[in-house]
Every structure is written in C-alpha cells, then in structure tokens.
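**Q** the following block contains a protein sequence and its predicted model.
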Amino acid sequence: MKKMKGPLFIFLISLLVYSCAEKKSLEEKSITLNQKEKDYIKAIPGEDQELDAELIKKGEVLVAYSDCYDCHKEVNRAKGPAFRDIAKRYPANTIYIEHLARQVIRGSKGSWGYPVMSPHPQVKKEDAEAMVTFILSLRGQ
C-alpha cells in the first residue's frame, strides 16, 4: 500500500496544478486569431474608388485562364496569399491597381513572405490591371 501512495500523490498534485492553470477562453482565442489575421494582412490605409464592372468581369476571365490559381486561391492561402487577403490589404484605387499590375508582370518578393511571385512578362499591362481590379473587387465578399 505504501508503494501506491507515492504515484497517487504525484498524480493528485499534477491534477491540481493542471486544473488551476490559466486557460484561455474561447473569446480570448478568437481575439488572438483575429490579431494574427490582422498581422498577416497588414492593411494599407487609403481611399477606395468605384471599380468598373466590365473591367472586373474581364479580369475574372483573364485570371481563370492564367496560371494564377496554381499559387493562389480565392479564399484560402495556398503557395501565395488568398485573393481576398490581397483585397483586404490594398485599397481599391488606381495607384494600387497600377502598382500590383507591375508586380504581376515583374514578379514580387517579400510582400507576403516566402515564396516569391514569379514574373509574368507575357501579360499586357491592361490585362494585368484588369486582373488586379478583379482581385481587389473581392474585398467585400
């Protein structure tokens, strides 16, 4: 019986320590996840402009027939960031549409960590801008 008291005592002490340990509530966990998402997205302040519906449709078709979906998905991260995360980061205005179109054509590194986005020099500037317009239109969805 004496041999049983040692392990039993250790078990009870361990149980006591575990039950008294601080546990995060579901709300605290949710706040932590929201902060991680904000840290990942790093939204850039700026004014949105109304996006041309025809340009959005053209961009959607161009994205569908390009290799974008090899690295990006609309909602979830894949090799690259999700399109909706890109839309959450950048204001939907001419300055950022042109900037992101240049990144599509020239390639990009470091904006979302590793890996880098390969260049797409075969994409015309107007087409890249249409594709970016489509991507930025996904913010509200």
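**A** Cool, got the structure.

**Q** which strands and helices lie in contact with the helix or strand Asp127 falls within?
**A** In the assignment (DSSP states H and E), Asp127 maps to helix 125-136. For helix 125-136, the elements it packs on are helix 53-64, helix 83-89, helix 94-106, judged by 3 or more Cβ pairs under 8 Å, 6 or more residues apart in numbering; DSSP states H and E. For the C-beta atoms, the positions are set from N, CA and C on the backbone; glycine is no exception.

**Q** so which of those is the most packed in?
**A** Mean neighbours per residue, mean count of other Cβ atoms under 10 Å, is largest over the helices and strands packed on helix 125-136 for helix 83-89, with a mean of 21.

**Q** what mean pLDDT does that one have?
**A** For helix 83-89, mean pLDDT rounds to 94.

**Q** which neighbouring elements make contact with that helix?
**A** Counting by 3+ Cβ pairs under 8 Å, 6+ apart, helix 83-89 packs on helix 26-41, helix 125-136.

**Q** report the distance from it to the chain centre.
**A** 6 Å (Cα atoms, centre = their mean, to the nearest Å).

**Q** thinking again about what came up before, among the helices and strands packed on helix 83-89, which gets the worst mean confidence?
**A** helix 26-41 (a mean of 61).

**Q** Glu129 and Ile56, how far apart?
**A** Here the criterion is Cβ to Cβ, to the nearest Å. By it, Glu129 lies 11 Å from Ile56.

**Q** check His72 too.
**A** As judged by Cβ to Cβ, His72 and Ile56 stand 17 Å apart.

**Q** ok, which of the helices and strands packed on helix 125-136 comes nearest Asn76?
**A** Closest approach to Asn76 among these (Cβ to Cβ): helix 83-89, 8.9 Å.

**Q** list the contacts of the closest one.
**A** 40-44, 72-75, 77, 100, 135-139, 141 (Cβ atoms under 8 Å, 6 or more residues apart in numbering).
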